[in-house]
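K.L.:
Here you go, sequence then predicted model.
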Amino acid sequence: MENAKNKIIVLMGGQGAGKGTHAKNLVAQKGFKYIEVGAILRGLPQESPIKQIMARGELVPDSELFNIIKTAITNCGKADIILDGFPRNVEQAKWLVNQYVSDKSPFDIHALHLSLPEKVMIERIANRVQEGGGRADDVNPDVVQKRLDVFKKETLPAIEFLKNAKGIYFYIVDVSPTDFTTNFLSVCKALGIENIDTNKLQVNVANLQTSHNS
């Protein structure tokens, strides 16, 4: 169809859900454009105001983040996009809906909640530390728990908002199985993606990045 809209695929989930790994494998399989918000922020010049805010340990203001997201999406052109690391709270989720859910929008929003129990999240974080991957602060149980608490307090309500928002295609995907291929095929099934070459799957691709936060 000539008027078919492109997709913005939003991957959401707690620590250990594999957002980065799933995103990179979707890109490898289907050539989606990939917007990794954390990587964009880390890649900003040291002298930029946003980088200085981050250096002080403060949160980037939503207004600045919205400009970054909008620019990144515009730069992708007419393409299907994977959005990783945004939204993280209800206000960001509301902005995404207000910005891109309308008859005039060139995109449909497909939000996936990569769901797994907190116990499994903690186990996976510990496993990736043993394997030499993950974030530098994954070794600190108190920091890990703080991130999990922030996810429950801020991101879970954003997921619930998107679940109930009009015009959003929302899917809950259970990614608690230990086999990555099983989980990846579940993600693809939710998105209606077929003809997956499982021989090309890169299970540990996200763990190659020490700043990985999925």
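P.N.:
Looks like it arrived, so ask away. Treat the numbers as computed from the prediction; the structure is a model and nothing was measured.
K.L.:
Contacts only, for residue 68.
P.N.:
The contact partners of residue 68, by CB atoms under 8 Å, 6 or more residues apart in numbering, come to 37, 40-41, 50. Backbone N, C-alpha and C define where each C-beta goes, glycine included.
K.L.:
Which members of those occur in helices, if any?
P.N.:
37, 40-41, 50 (DSSP state H).
K.L.:
about what we covered before: could I get the contacts of residue 68 as TSV with distance to residue 79 and neighbour count?
P.N.:
Compiled in TSV, those are given as follows (distance: CB to CB, whole Å; neighbours: other CB atoms under 10 Å):
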residue	distance to residue 79	neighbour count
37	17	19
40	17	17
41	22	18
50	25	17
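K.L.:
Adding pLDDT, write those out as JSON lines.
P.N.:
Rendered in JSON lines, the data for the contacts of residue 68 read as follows (pLDDT from 0 to 100):
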{"residue": "37", "pLDDT": "91"}
{"residue": "40", "pLDDT": "93"}
{"residue": "41", "pLDDT": "91"}
{"residue": "50", "pLDDT": "91"}
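K.L.:
which of those residues sit farthest apart?
P.N.:
In terms of CB to CB, the contacts of residue 68 reach their longest pairwise distance at 37 and 50, which sit 11.7 Å apart.
K.L.:
Run through the bridge partners of the most centrally placed residue in the chain.
P.N.:
Nearest residue to the geometric centre of the chain (CA atoms, centre = their mean): residue 84, 2.7 Å. Under DSSP bridges, the beta-bridge partners of residue 84 are residue 11, residue 36.
K.L.:
Please look at it and residue 33 and confirm they touch.
P.N.:
No - in this structure, residue 84 is not within contact of residue 33 by CB atoms under 8 Å, at 11.3 Å.
K.L.:
So for those two, which residues contact both of them?
P.N.:
The contact lists of residue 84 and residue 33 share no entry, where a contact means CB under 8 Å, 6+ apart.
K.L.:
Residue 58 falls within a strand, correct?
P.N.:
No - counting by DSSP: H, G, I helix; E, B strand; the rest coil, residue 58 falls outside a strand, being coil.
K.L.:
what about it, how many neighbours?
P.N.:
Other residues within reach of residue 58, judged by other CB atoms under 10 Å, total 9.
K.L.:
State the distance from it to residue 45.
P.N.:
With distances defined as CB to CB, to the nearest Å, the gap from residue 58 to residue 45 amounts to 18 Å.
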